[in-house]
Structure formats: structure tokens, C-alpha cells
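Colleague: with the sequence up front, the predicted model follows.
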Amino acid sequence: MNSSPLLQCNDVRKAFSKPDGAELLVLEGMNLELREGQIVGLLGRSGSGKSTLLRLIAGLSEPTAGQLHYLGQPISGPAPGIAMVFQSFALFPWLTVFENVALGLEAQRMPRADIRKRSLAAIDLIGLDGFESAYPRELSGGMRQRVGFARALVVHPNILLMDEPFSALDVLTAETLRTDFLDLWAEGRMPIKGVILVTHNIEEAVLMCDRILVFGSNPGRILSEIKVSLPQPRNRLDPSFRELVERIYVEMTSRPQAGASARKESFPGLGIGSQLPQVSTNLLAGLLEAVAAAPFNGIADLPKIASDLQMEIDELFPVAETLQMLRFAELEGGDLKLTEDGLAFVQAALDERKRIFLRHLLTYVPLAAHIRRVLDERASHSARKSRFIDELEDFMSEEAADETLRAVLRWARYAEAFAYDDENAMFSLENPT
């Protein structure tokens, strides 16, 4: 095995300019290395900059600061030895399987005979022999993603970048394609030397990767690196596998230590300017009920409840963290434990649930309390949406401000804290509790 790395990222930073001239920081202090024979996983929630980093490595975007090197050379544009498989199938619908796969070789102006030989070999390798003349519309989702893999492999890349390649597939199809990929990798049949996999599925990361980089958000950064030394093929039911999954859940939900600057709480300071997640009250109530019921009885292991409810971290974490923000639950050590008020909410009838939720909303969500206070103090008991949007835009983008306002409105309507007329863009105390 070659001792020099295939890829190096040193102190990579990526920021975008906002319309008002301010800077939106997406990635900061990004350091990683990929060596021959490794599958490295980038694990984190949506919005943590994983896909942005992949685009930088692919040469599709340039870093604001820092350096990226492929085989010792700076990446200054799309590198011929780096290929990517996307989350969406990204096939040309008017081209056949063979034509979609051959496209990259045609761009390299390779002789026709070589194009045909290598394209057919890639199609055969990925399990689509016999479908060369089929169009994407004739294929299932799993088969279309296999075409995506064949198209990436046919150019014989050194590095394969995979941006959540299994997330658009149903559970069984994704599992089959993962297994086939790992079998081909273990047998050395694929013309690639290293893989970087972007995922938000913890079990997928443990199943496939040799090293896992756990990402934090706002801005995207590496919280920790976890080495996976379990032999392939890996068994999800193996105690060592489950222990590693549990460790990652703990890692991703642990609170920052005093003075630790590497991590940020989900709702830092929880001031009026905190961006709020898009979580419905139905999901909040549903998770409370699931954790309160047997076999959890008020305290649930996150990997276990994620498995039982078939929720991935992008779905489970925002709900769990919102329950923590509202003081209906506590997140610690990879467990979700209901508070006394959380248990009281589950046991209450609908009207009492609304009263409990209202009390917590106005106590623990400053934006909700601020809107209610403004409406209470005005003689008209009303205020335009723009009044609150303008305040929020001092802390976040216009889009984030609108999403945050919609999030707090969703909770407020359930609790009957205040109302909103979308046609007139007006908040009011119509039908308040």
C-alpha cells in the first residue's frame, strides 16, 4: 500500500457572500486525509457542510481558505482521478444505460473500441448486464443508481466520492446495493483506491467505513474521528457493532464541556435570534408517547428508538432536541429521558396538553414570549410579520428568519398562544388562550 495519502485537506474553510455583504460560513478548520484502501465516512446532519466539502474535493468549487491536495498536487478544478456518485440518479433520460455510462469516456475522446469494452465491463461489474439498451425510465430506482455507480467507475478513478448514494432508495434495495458494493470492494474488483462516503445514517457509516468523521453544524466542522476496526463483512447484531453505534449517538448528542470551543449547543444561549427547527407538534407528541410507553417507560436509548421508529438522525435529532429545548426531555449519554412535565404531557387530555405546552413555549422559547408580549402590549393586539422578520434578520438569513418564524407559529397555533393571518401577513391575539 502506498504510504503517501491520496487526498489531503488542510485547514479548509468555505464561506459564501450574502446579499447584504455579510459572510455565511459553511466550513471551518476542515482537516482530513484519505489513504489507499480506506473508506472514510463523513457523518452528520443535513446542513453540516458534508456535501460542500465533497464538491471542494471534486474540484467543483474553490475553498475560501486552506488547501486541498490530490496525489500531492493542489486541486484547482475537476481532477481526472476523482469521480462522484450522487444522491439523485442524475441520468440523462434520453440516453440508454450504455450511453449514460460511456459519456465520461467519450468526453475523454477515448477510441470507440476502448469505450465499448470499458463501458460493458463496468455495466457487467455493477450487475446490469443485459440492460445496456434500456432507458432510465425502464429501470427501478436501485438499477438507476447502479448505472450511476457504473458511470463513475468506468473512468477508473483513484478516489470515488459518494454523496448519500443510498438515501433515495427503499430500505431493502439500499441494503442490497450496499452489500454488493462492499463485496466488490473487498474482492478488489473495482478500479478505485479510496472512497469518501457522505451519510447521515449512523449504521450505514459503521457498516461501510474504516474511519468516521463526525460533523457538527453552524459552521460545519469535525467534532471527532472514530476508527472502525471491525472485520468485514460486519453484522449489525454484533455487540461490538451496536456498541460503536451507541458511542456515535453519544458523541453527537453530548453537551459541550466548559471552555470547549469545538462544539456548540443545539440552541446556543437560546435568545430571540436562535434559529428554530421545523418540527411539528405531532412529531413532538408522538416521540413523547413512544418514549413514555413500554419498553422504554420514560427513558429511551436513541439507537433503539431510532430503530423501532425507523427514523434517521436527520429526523430523530431535531425532534429530540426540540423536546429538550422545551424541557419536556433531557438528552444525555445517547439517551432521551422525559422530564416530569414531559410525562405529565403524555398522560394529559388534549386541553391540558395545550395548557402545558403553552406554559413551556412562553417560558423556554424567547421568540414566542417576545411575540406574545408585543401583541399583549399593543392596543390593537396585532403586529405585522415584517416587524419580527426584521428583528430576526439581525441574526440570520432572510430564509432562515422566515423558517424560524414559521416554526414558532406552528407551536403557537397548537398552544393557542397567538394567531396569524397569512393573507395579510399579520400576527394577532385572535382566539388566544
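Modeller: Sure thing, it's come through.

Colleague: determine the longest helix present in this structure.
Modeller: Among the segments of the chain that qualify as a helix by DSSP state H, the longest is helix 398-415.

Colleague: and after it, which helix or strand comes next?
Modeller: Per DSSP states H and E, the first helix or strand lying C-terminal to helix 398-415 is strand 419-421.

Colleague: which other helices and strands contact the helix or strand following that following strand?
Modeller: Counting by DSSP H and E, the next helix or strand C-terminal to strand 419-421 is strand 426-428. When contacts are defined as 3 or more Cβ pairs under 8 Å, 6 or more residues apart in numbering; DSSP states H and E, strand 426-428 sits against helix 366-377, strand 382-384, helix 385-392, strand 419-421. C-betas here are computed from N, CA, C, even on glycine.

Colleague: M84 is nearest to which of these?
Modeller: Ranking the helices and strands packed on strand 426-428 by proximity to M84 (Cβ to Cβ) places helix 385-392 first, at 35.8 Å.

Colleague: now the angle from that closest one to helix 366-377?
Modeller: 140 degrees (axes from the mean of the first three to the mean of the last three Cα atoms, to 10 degrees).

Colleague: what lies in contact with helix 385-392?
Modeller: Contact partners of helix 385-392, identified using Cβ atoms under 8 Å, 6 or more residues apart in numbering, comprise 272-273, 367, 370-371, 374, 398, 400-402, 404-405, 420, 425-427.

Colleague: just the buried residues of the residues you listed.
Modeller: Neighbour-count burial (16 or more other Cβ atoms under 10 Å) is assigned, among the contacts of helix 385-392, to 272-273, 367, 370-371, 374, 401, 404-405, 420, 426-427.

Colleague: domain parsing for this protein?
Modeller: 7-253, 281-428 (automatic domain parsing).

Colleague: related to what we said a few turns ago, between helix 385-392 and the longest helix of the chain, find me the angle.
Modeller: Using the same axes, to 10 degrees, the inter-axis angle of helix 398-415 relative to helix 385-392 is 120 degrees.

Colleague: any idea of the mean pLDDT for helix 398-415?
Modeller: For helix 398-415, mean pLDDT is 88.

Colleague: packing partners for that helix?
Modeller: helix 281-292, helix 350-364, helix 366-377, helix 385-392, strand 419-421.

Colleague: off-centre distance for the third one?
Modeller: Right, the one you point to is helix 366-377. Remark: helix 366-377 is offset 33 Å from the chain centroid, using Cα atoms, centre = their mean, to the nearest Å.

Colleague: only alpha carbons, please: show that helix as PDB.
Modeller: Taking Å, rounded to 0.1, in the frame of the first residue of the first chain, the C-alpha atoms of helix 366-377 are listed here in PDB:
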ATOM      1  CA  PRO A 366     -37.900  33.600  23.900                       C
ATOM      2  CA  LEU A 367     -39.100  34.300  20.400                       C
ATOM      3  CA  ALA A 368     -42.600  33.000  21.300                       C
ATOM      4  CA  ALA A 369     -42.600  35.000  24.500                       C
ATOM      5  CA  HIS A 370     -41.400  38.100  22.600                       C
ATOM      6  CA  ILE A 371     -44.200  37.900  20.000                       C
ATOM      7  CA  ARG A 372     -46.800  37.300  22.700                       C
ATOM      8  CA  ARG A 373     -45.600  40.300  24.700                       C
ATOM      9  CA  VAL A 374     -45.700  42.600  21.700                       C
ATOM     10  CA  LEU A 375     -49.200  41.500  20.900                       C
ATOM     11  CA  ASP A 376     -50.300  41.900  24.600                       C
ATOM     12  CA  GLU A 377     -48.900  45.400  24.900                       C
END
